[in-house]
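S.K.: Kindly return the folded structure for what I paste below:
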Amino acid sequence: MRDAGSQLSFPQSALATSGAVEPLADVLAKSSCGRRPAWRAQAGGLLAPAVTLVVAAVVPSGTPAAEGYRWIRAARVPAAAGAALRLALGVLRDRLDQDPVAFRLLPAAFALSDLQRVYELLLERRIHKASFRRALLAAHLVEPTDEWRSEGRGRPAQLFRYHPRRRRPGQRPVRFELLH
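M.R.: Purely as a prediction, here's the structure:
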């Protein structure tokens with residue numbers, strides 16, 4: 001968000017009548033956080049105080065904000081900007097089981113615990129570990145690599161890569177058991 005004294009606002013720009021939303025969203029993301037989003041989708045529109053198109057965009061954790069901008073937690077967004085944020089977060093969460101959003105935020109080879117942390121961050125909920133792994137493997141979204149990562153004590157973690165199989169028509173997307 002842009003920090004103009006006590007006022008906070010999302011990056012914004014006027015859209016030419018013949019312009020496309022996606023390239024403009026990429027430009028705004030690059031100007032506010034220095035990189036193109038890893039994933040983005042048009043979330044919809046709001047009518048007050050003016051016609052506003054809302055685009056949900058995701059960048060990896062740790063991406064620095066550009067000068068004049070800062071990251072704030074969604075729960076601390078001012079009420080005036082809350083409608084746009086709720087719209088964007090709703091689209092992001094609805095698409096998690098259809099688009100490889102979480103996988104775009106990880107390196108090519110990752111541990112399943114890293115992937116679970118990304119899902120938990122995006123959903124803002126804890127996910128049951130065993131159910132997450134079962135659902136992920138049953139959906140054939142990942143395949144193991146021959147690489148392992150050791151982080152101190154305990155068993156090394158096997159690394160996986162995103163490698164989805166084609167879904168058959170009518171096959172349900174993956175859903176994860178959430179802990180409340």
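S.K.: which residues does the residue nearest the centre of the chain contact?
M.R.: By Cα atoms, centre = their mean, the chain has its centre lying nearest to Val58, at 4.3 Å. Each residue near Val58 by Cβ atoms under 8 Å, 6 or more residues apart in numbering is listed here: 37-40, 92, 101, 104-105, 122. From N, CA and C alone the C-beta is placed, and that goes for glycine too.
S.K.: If we use 6 Å, what do you get?
M.R.: By Cβ atoms under 6 Å, 6 or more residues apart in numbering, Val58 lies in contact with 37-39.
S.K.: what's the answer for Gly152, then?
M.R.: If you count contacts by Cβ under 6 Å, 6+ apart, Gly152 has none.
S.K.: Now do stretch 90-108: distance from first to last residue.
M.R.: 27 Å (Cα to Cα, to the nearest Å).
S.K.: Am I right that Tyr119 is in a strand?
M.R.: No - Tyr119: not assigned to a strand; according to DSSP: H, G, I helix; E, B strand; the rest coil it is helix.
S.K.: any idea how far Leu136 is from it?
M.R.: Counting by Cβ to Cβ, to the nearest Å, the separation of Tyr119 from Leu136 is 9 Å.
S.K.: Of the contacts of Val58, which is the most crowded?
M.R.: Pro37 (21 neighbours; other Cβ atoms under 10 Å).
S.K.: Just give the nearest non-adjacent residue to that one, would you?
M.R.: Spatially, and ignoring its direct neighbours in sequence, Pro37 is nearest to Ala57 (3.8 Å; Cβ to Cβ, 6 or more residues apart in numbering).
S.K.: Check the secondary structure at that neighbour for me.
M.R.: Here Ala57 takes the strand state, with states given by three-state DSSP.
S.K.: got the contact list for it?
M.R.: So Ala57 contacts 29, 37, 40 (Cβ under 6 Å, 6+ apart).
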